[in-house]
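J.: pasting the structure only:
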Ligand SMILES: NC(=O)c1ccc[n+]([C@@H]2O[C@H](COP(=O)([O-])OP(=O)(O)OC[C@H]3O[C@@H](n4cnc5c(N)ncnc54)[C@H](O)[C@@H]3O)[C@@H](O)[C@H]2O)c1
Ligand SMILES: Nc1ncnc2c1ncn2[C@@H]1O[C@H](COP(=O)(O)OP(=O)(O)OP(=O)(O)O)[C@@H](O)[C@H]1O
C-alpha cells in the first residue's frame, strides 16, 4: 500500500443518511462490496412502504442494515491499521538508510580522558547542525557511570576481528549513587564494581576492623556499675595495677573517686571531673574506656559521649553480657594485649533522636539530640489506651502502630528489648535500623529492618486518645503529646568496643551463652532410620 494514501475516515455519512464511500484500492475490494450491499439495503429501506407488505420483511431489512453497518466498521478499522503499519515501516526504512550512510562515513575512534583520568575510546558520531553531539551518545559521567562509556573503555576499534560495535554493544544504562540528594562516589566503589557493563559485588566492605595504636595510650577512663561490692574491689585493684605497672593516668567518676579515697588516701592520683563541660571534653583526653559491669554499664559509658567515643573495653560483671566479652578475672592478660594493640573492634552504630514539639516551627527547631546505643522506645507509658503512632520513613508512610508501642533499635540493641518484642537478632556490624512493634493489635504486623541511611519519623497524631512516651536506652522518659514527633536517624559517632576474639565470634558466643540460642538435645542415633 502506498504511504501517500489517505486513511479512511471512520464516518462519512451524508445529510440524508446514505454512506458516501471514498475510493479504495484493490486491497479493499471486499470492503467495497460490503459497503455497496449496505447502500442497496439503505435504498430499499428509503422506498415508500407499500401498504400490506409483511412486517417481517421490514424487520429483516433492519437486521440486514445492522449487519452491513458492523461489516463496514470492521473494514474501516482494518484499513486504518494497515495505513498506520505502513507509516511505521516507511519511518524504519528511512532511519535504516540514514544509519547506513552514517556508518560508511564513520571516522576512526578518538581517545580522551574521563573524569577519573582513565582512557575512554569514544566512537566519533556525526554532529548535529548546531554542533552539539547527538543526544543518545552524550556521556552522562557527571551523574554516575554510563554503561556504554565503560563498554568502550579498552575496546580495540582498530581490531578488524572484533565484531562491529553496533552488534556487540549492550543496552546503555547509568548507575548513580545518591545520598540525601547528593551523589556518593565513596559508596560506588565500596559496594559494587562496574566492569564492562556488568555489575558485580565488590570486596566486602565491613571486614573485621582492627585498631593499631600509633602512640601508646596514656589515659584510661574507668566506669563502674554502682552499688556492687565485687565491682568496687575489682576497680581499686585495677586502678593500682594500671598506675604501677602501666604508668597510666586514671580518670573515674566523682562517685568512684570518693569511694577509692574512702578506702585509702593512696588513690589521690586518680582524676575526675567537676561539671558537665568537663564531661563534654573527655573524648579529647581519654585514650581508652574500661567498663566494669553488665551491658547497662556499656550503655552508660556510651551515653557520656555525645560525639566521638574512644575505644571501650567492656569487662563482664553482670548476669548477661552481650556487649561485655572480657572476663574480669583475666583483666591483666587482656589489658596487656589491648594496650599493646592491635585490637579487633566492633563499630556499634548509634541512633540520633530528636524530639520535635508540635509548637516547633520546623524540624530544625528540636530539643537537644539524644544518642542511643540500643534503642529508642515509644510506648503508651502509664496510659491504658492503645498508642497510635504514624510512622514515616524518608517521608514515605510506613504504617500506623496501634498497640503498646514501637521500638527503633540499632543492630547492637537487637538482642535487647527488640528481641523480647519479637524482632530478629542481627550481627552488630550490620548497618540497619530495626522497626519492631510492641504488642501490636494486628495479626499481620511483622518487624522490619530498614537500611541505615533512612530517617524515621514517628508522629503522635492529633486524634490520638492519649500521650506517648519515648525512652532512650531504657532511660530519660519524655512525654510526647498529640502533634509531637520523634525523628530518628543513624548517628555520626559509633561506639567502638574491643572484641575478645573478633566481632562475629563474640556475637555468636554471646547468643549461645547469654540466650542458649537454639540449644536442643541432639537426637540419638538409636532409633528409626531411613532405609
Ligand atoms: N522486655 C525487655 O526485654 C526489656 C524491657 C525494658 C528494657 N529492656 C532493655 O534494657 C536496656 C537497658 O539496659 P539496662 O542494663 O540499663 O537496664 P536493666 O538493668 O533493666 O537491664 C536490662 C537487661 O537488658 C540487657 N541488655 C542491655 N543491653 C543489651 C543488649 N544490647 N543485648 C542484650 N541484652 C541487653 C541487660 O544485660 C539487662 O539484663 C534497654 O536498652 C532495653 O533494651 C528490655
Ligand atoms: N556508672 C554508672 N552510673 C550510673 N548508673 C550506671 C552506671 N553503670 C551502670 N549503671 C546502671 O546500672 C544498671 C545496671 O547496670 P548493668 O546492666 O551494667 O548491671 P547488671 O544489671 O548487674 O547487669 P546484668 O543486667 O547483665 O545482670 C543499668 O541501668 C545501668 O544504666
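T.: Sure thing, it's come through. This structure is a prediction, so every number in the text was calculated from the model and none was measured. Ligands and ions are numbered 1, 2, ... in the order given.

J.: name the residues of the stretch 351-500 of the chain found near ligand 1, please.
T.: The stretch 351-500 of the chain has residues 374, 375, 412, 413, 415, 416, 417, 420, 473, 474 near ligand 1, with proximity defined as Cβ under 6 Å from any ligand atom. Quick note: C-beta positions are derived from backbone N, CA and C, even for glycine.

J.: switch the cut-off to 8 Å
T.: By Cβ under 8 Å from any ligand atom, the residues of the stretch 351-500 of the chain that approach ligand 1 are 372-375, 377, 409, 412-421, 473-475.

J.: do the same with the chain
T.: Counting by Cβ under 8 Å from any ligand atom, the chain sits next to ligand 1 at 294-300, 318-323, 372-375, 377, 409, 412-421, 473-475, 510, 514.

J.: hmm, 5 Å instead?
T.: Selection of the chain residues close to ligand 1 by Cβ under 5 Å from any ligand atom yields 294, 295, 296, 320, 322, 374, 415, 416, 417, 420, 473, 474.

J.: biggest separation within these, which pair?
T.: Within these, 294 and 420 form the most distant pair, 16.2 Å apart (Cβ to Cβ).

J.: mind checking which of these two has more residues around it?
T.: residue 294 (22 against 11; other Cβ atoms under 10 Å).

J.: show me what the top helix by length along the chain is packed up against.
T.: Counting residues, the longest helix found in the chain (DSSP state H) is helix 55-105. Taking 3 or more Cβ pairs under 8 Å, 6 or more residues apart in numbering; DSSP states H and E as contact, the helices and strands that helix 55-105 lies on are helix 29-46.

J.: find the closest residue to ligand 1 in the stretch 251-400 of the chain.
T.: residue 296 (2.4 Å; Cβ to the nearest ligand atom).

J.: quick check: mean pLDDT of the longest helix of the chain?
T.: Averaged across helix 55-105, pLDDT comes to 80.

J.: nearest spatial neighbour of residue 298, skipping sequence neighbours?
T.: residue 323 (4.5 Å; Cβ to Cβ, 6 or more residues apart in numbering).

J.: around that neighbour, count how many other residues there are.
T.: Count around residue 323 with other Cβ under 10 Å applied: 31.

J.: buried members of the residues of the stretch 351-500 of the chain next to ligand 1 into ChimeraX, please.
T.: Selection of buried members from those for ChimeraX, criterion 16 or more other Cβ atoms under 10 Å:
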select :372,373,374,375,377,409,412,413,414,415,416,417,418,419,421,473
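
J.: what's the helix or strand for residue 390?
T.: strand 387-393 (DSSP states H and E).

J.: same question for residue 339.
T.: Going by DSSP H and E, residue 339 is part of helix 331-340.

J.: packing partners for that helix?
T.: So helix 331-340, by 3+ Cβ pairs under 8 Å, 6+ apart, packs with helix 229-246, strand 288-293, strand 312-316.

J.: pull out the buried residues from stretch 317-324.
T.: Buried-residue list, stretch 317-324, by 16+ other Cβ under 10 Å: 317, 318, 320, 321, 322, 323, 324.

J.: could I get these as JSON lines with distance to residue 309 and secondary structure?
T.: Below are these laid out as JSON lines (distance: Cβ to Cβ, whole Å; DSSP: H, G, I helix; E, B strand; the rest coil):
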{"residue": "317", "distance to residue 309": "21", "secondary structure": "coil"}
{"residue": "318", "distance to residue 309": "20", "secondary structure": "coil"}
{"residue": "320", "distance to residue 309": "22", "secondary structure": "coil"}
{"residue": "321", "distance to residue 309": "19", "secondary structure": "coil"}
{"residue": "322", "distance to residue 309": "18", "secondary structure": "coil"}
{"residue": "323", "distance to residue 309": "13", "secondary structure": "coil"}
{"residue": "324", "distance to residue 309": "16", "secondary structure": "coil"}
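
J.: what strands flank the strand holding residue 390, and is each parallel or antiparallel?
T.: The strands beside strand 387-393 in its sheet (DSSP bridges) come out as strand 396-409 (antiparallel), strand 456-459 (antiparallel).

J.: what's the closest of those to ligand 2?
T.: Nearest to ligand 2, of those and by Cβ to the nearest ligand atom, is strand 396-409 at 16.9 Å.

J.: list the buried residues for that closest one?
T.: 398, 399, 401, 403, 404, 405, 406, 407, 408, 409.

J.: determine which two of the residues you listed are furthest apart.
T.: Most distant of the buried residues of strand 396-409, by Cβ to Cβ, are 398 and 404, 17.6 Å apart.

J.: contact partners for residue 218?
T.: 248, 249, 287 (Cβ atoms under 8 Å, 6 or more residues apart in numbering).

J.: and those residues, which of them are buried?
T.: Buried among the contacts of residue 218 (16+ other Cβ under 10 Å): 248, 249, 287.

J.: pairing partners for the second one in the sheet, please.
T.: In this structure, residue 249 bridges to residue 219 when assessed by DSSP bridges.

J.: neighbours of the closest residue to residue 213 other than its chain neighbours, just the number please.
T.: The shortest distance from residue 213 to any non-neighbouring residue, by Cβ to Cβ, 6+ apart, is to residue 341 (4.3 Å). By the measure other Cβ under 10 Å, the count of residues near residue 341 is 14.

J.: cool, and residue 452?
T.: So residue 452, with other Cβ under 10 Å, has 15 neighbours.

J.: pLDDT score for it?
T.: On the pLDDT scale, residue 452 gets 94.

J.: quick check on whichever residue of the stretch 301-450 of the chain sits closest to ligand 2: phi, psi?
T.: The nearest approach of the stretch 301-450 of the chain to ligand 2 comes at residue 318, 2.5 Å away (Cβ to the nearest ligand atom). Per-residue torsions, residue 318: phi -130, psi -170 (degrees, to the nearest 10).

J.: kindly report the same for the one 5 residues further on.
T.: Taking degrees, to the nearest 10, you get phi -110, psi 10 for the backbone angles of residue 323.

J.: mind listing what it touches?
T.: 295, 298, 314, 348, 412, 497, 510.

J.: can you rerun that using 6 Å?
T.: The contact partners of residue 323, taken as Cβ atoms under 6 Å, 6 or more residues apart in numbering, are 295, 298, 314.

J.: tell me the one of those nearest residue 467?
T.: residue 295 (28.9 Å).

J.: count of residues packed around that closest one?
T.: 26.

J.: per-residue confidence at it?
T.: 96.

J.: now do the one 10 residues further on
T.: Per-residue pLDDT puts residue 305 at 97.

J.: and the residue nearest to residue 213, how far from residue 364?
T.: 41 Å (Cβ to Cβ, to the nearest Å).

J.: ranges for the helices of this structure?
T.: 29-46, 55-105, 147-152, 165-168, 185-191, 229-246, 254-263, 276-280, 295-303, 331-340, 417-420, 503-515.

J.: could you dump the ones you listed to CSV with distance to residue 433?
T.: CSV is the format used below for those (distance: least, Cβ to Cβ, whole Å):
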stretch, distance to residue 433
helix 29-46, 67
helix 55-105, 51
helix 147-152, 32
helix 165-168, 44
helix 185-191, 18
helix 229-246, 33
helix 254-263, 34
helix 276-280, 27
helix 295-303, 17
helix 331-340, 30
helix 417-420, 10
helix 503-515, 18
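
J.: most neighbours per residue, which of the ones you listed?
T.: helix 295-303 (a mean of 23; mean count of other Cβ atoms under 10 Å).

J.: other SSEs contacting it?
T.: strand 288-293 (3 or more Cβ pairs under 6 Å, 6 or more residues apart in numbering; DSSP states H and E).

J.: so how far is residue 489 from the closest residue to residue 461 other than its chain neighbours?
T.: Residue nearest to residue 461 in three dimensions, not counting chain neighbours: residue 390, with 5.4 Å by Cβ to Cβ, 6+ apart. Taking Cβ to Cβ as the measure, residue 390 falls 17 Å from residue 489.
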